[in-house]
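Novice: have a look at this prediction, sequence included:
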Amino acid sequence: MADADRMFRESAVTAAATAGVCAVPRILISGAHRSSGKTTITLGLAAALRARGLAVQPFKKGPDYIDPMWLGRAAGRGCYNLDPYLMTGDAIGAMFAAKAADADVALVEGNQGLFDGVALDGSNSSAALAAMLGMPVVLVIDARGMNRGVAPILLGYQAFDRTVRIGGVVLNRVGSARHEAKLRAVIEHYTDIPVLGAVRDEPAVGMTERHLGLVPTNEAASAREQIDRIGAQVAEQVDLDRVLAVARSADLRGGARPVGADVPEAGPLGGTGSSRARIGVAMDRAFGFYYADDLEELRRAGAEIVPFDTLRDRDLPEVDALFIGGGFPESCAAELAANASLRTQIAAAVARGLPAYAECGGLMYLARSLIVDGRRHEMVGAIPGDVHMQRRPVGSGYVELEGTGHAPHGPGRVGGAVFRAHEFHYSAIAGLPPDTRYAYRVRRGYGVDGENDGIVIGNLVASYSHLRSIAGAEWARQFVDFVVHTTAACPERAAEPVHAA
């Protein structure tokens, strides 16, 4: 670590200890619009600053699984989501303070454009999050085909909301040295926003995308090499010292929160040392969409997380419950179908009452079949319906759900309880029996059929909606409590392994 970095960190820690706040340097990296390259730039900054010897704490604004996978891999520590729509301001501040307290710098990647969001007043935009946490903004501009026109864009963003400070700009996808020189001259002449770097348009360093965004790291075999290439390019073409100077200029008066408030640190992946229940969690190329804080909440509630691979493991491990999150089962449909042994065991376990929770991709896997490009692939069969992949999104964005009282566990247990979640799926399920019970009524969003979500079968709840285990929807602790109660009431139900003949 450079001497200046070390000196600033030591003074920040002293200030934090004195004032009881998190004083870590921080910036929010945002784009003028979607697909401006902000993920690539944030990823590169995380990798480059880590290579310098700094402890980098990454965060992602809004609902997202894939970007945090990449950011966490680049920084070498878990990435956490800060979501003004799903979380209170106090919860965001507490999460930020707890996770960034021991870091040298915090990088928060925004989503969409800087001022975009669900609310008309912008209260859940990336700009609002920056103001909430006292963060200066580094604006990423896609500079392809642009020269003098960059000035009114920057001036407009700067003037739109004066409570948000744009600390610098990174020009992305710059065509040549001549192009860069023109852009720098225009920005210097018309604005007072410093140019922190200009990243060249090099397709070999770009990131692969598909219908849900980037290809996740659990599928990208060359993820480490790609991160290293992007980090090296950003280190060469962005002034890291100036980026750190912007991060150190954060207004800690507006965003300071008590360190660790309401968000205790989690233990290792296996559990807390006093396990109350063994929960099997599908973690492989097909299923990898899990929020780090949800897994931590499961462990804090007393769960021992037992990872298993739906593609390679022929036998289900001896567990008290199952959690199958989202992912891309459609990309692995043939492999999932080929592992008939595991599918049979999961179906039998759910049928005998093993507590289970599944989200989106997990729902698809537990269905009777998955049809991709006209080809039918046999799935688990715990849910009597067939999933069809569509060409366009079926459900996309934030949802608002109301509990029906039919769910055996989670927030759907309480009839009339209203809570928020999110969904993004290109599939729809058909053929469900008319008497299917649901955990939630959909007040905003689509879910299973536009009106309902959370298919309930025995002790299984399977939904297209993704929950966060936060105030109003504390599903993780409720799930563990239910598993413990169920196991105590009928221990042989969970303890008896099921193996295919």
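Specialist: In hand now; what should we look at?

Novice: where does A489 land on pLDDT?
Specialist: The pLDDT attached to A489 in the predicted structure is 77.

Novice: give me phi/psi at it?
Specialist: Dihedral pair for A489: phi -70, psi -30, per degrees, to the nearest 10.

Novice: again, but for G374
Specialist: Dihedral angles of G374 (phi, psi; degrees, to the nearest 10) stand at phi 80, psi 0.

Novice: what is the neighbour count of it?
Specialist: Neighbour count for G374, taken as other C-beta atoms under 10 Å: 7. The way it works is simple: take the backbone N, C-alpha and C, and place the C-beta from them, glycine included.

Novice: what do you get for R300?
Specialist: Residues contacting R300 under the criterion other C-beta under 10 Å number 20.

Novice: got it, and the one 10 residues further on?
Specialist: By the other C-beta under 10 Å criterion, the neighbourhood of T310 contains 25 residues.

Novice: run through the strands of the stretch 251-400 of the chain in chain order.
Specialist: Along the stretch 251-400 of the chain, the segments classed as strands by DSSP state E, counting those that start in this stretch run 277-282, 287-289, 303-308, 321-324, 326-327, 356-359, 367-372, 375-378, 383-389, 395-403.

Novice: export these to a markdown table and tack on distance to G458, mean neighbour count and mean pLDDT?
Specialist: Listed next are these as a markdown table, based on distance: least, C-beta to C-beta, whole Å; neighbours: other C-beta atoms under 10 Å; pLDDT from 0 to 100:
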| stretch | distance to G458 | mean neighbour count | mean pLDDT |
| --- | --- | --- | --- |
| strand 277-282 | 17 | 24 | 98 |
| strand 287-289 | 21 | 24 | 96 |
| strand 303-308 | 20 | 21 | 98 |
| strand 321-324 | 12 | 28 | 98 |
| strand 326-327 | 22 | 27 | 96 |
| strand 356-359 | 8 | 28 | 98 |
| strand 367-372 | 15 | 21 | 98 |
| strand 375-378 | 21 | 14 | 98 |
| strand 383-389 | 11 | 21 | 98 |
| strand 395-403 | 18 | 19 | 96 |
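
Novice: can you check which of those strands gets nearest to T39?
Specialist: Closest to T39 of the strands of the stretch 251-400 of the chain, according to C-beta to C-beta: strand 287-289, at 16.4 Å.

Novice: counting by contacts, list what the closest one packs against.
Specialist: Secondary-structure packing of strand 287-289 (3 or more C-beta pairs under 8 Å, 6 or more residues apart in numbering; DSSP states H and E): strand 326-327, helix 361-366.

Novice: show me what the helix or strand hosting Q233 is packed against.
Specialist: Element membership for Q233 (DSSP states H and E) is helix 223-237. Contact analysis of helix 223-237 by 3+ C-beta pairs under 8 Å, 6+ apart lists helix 38-51, helix 66-75, strand 195-200 as its packing neighbours.

Novice: any idea of the mean pLDDT for it?
Specialist: When pLDDT is averaged along helix 223-237, the result is 93.

Novice: now swap in stretch 115-126 and tell me
Specialist: pLDDT averaged over stretch 115-126 gives 89.
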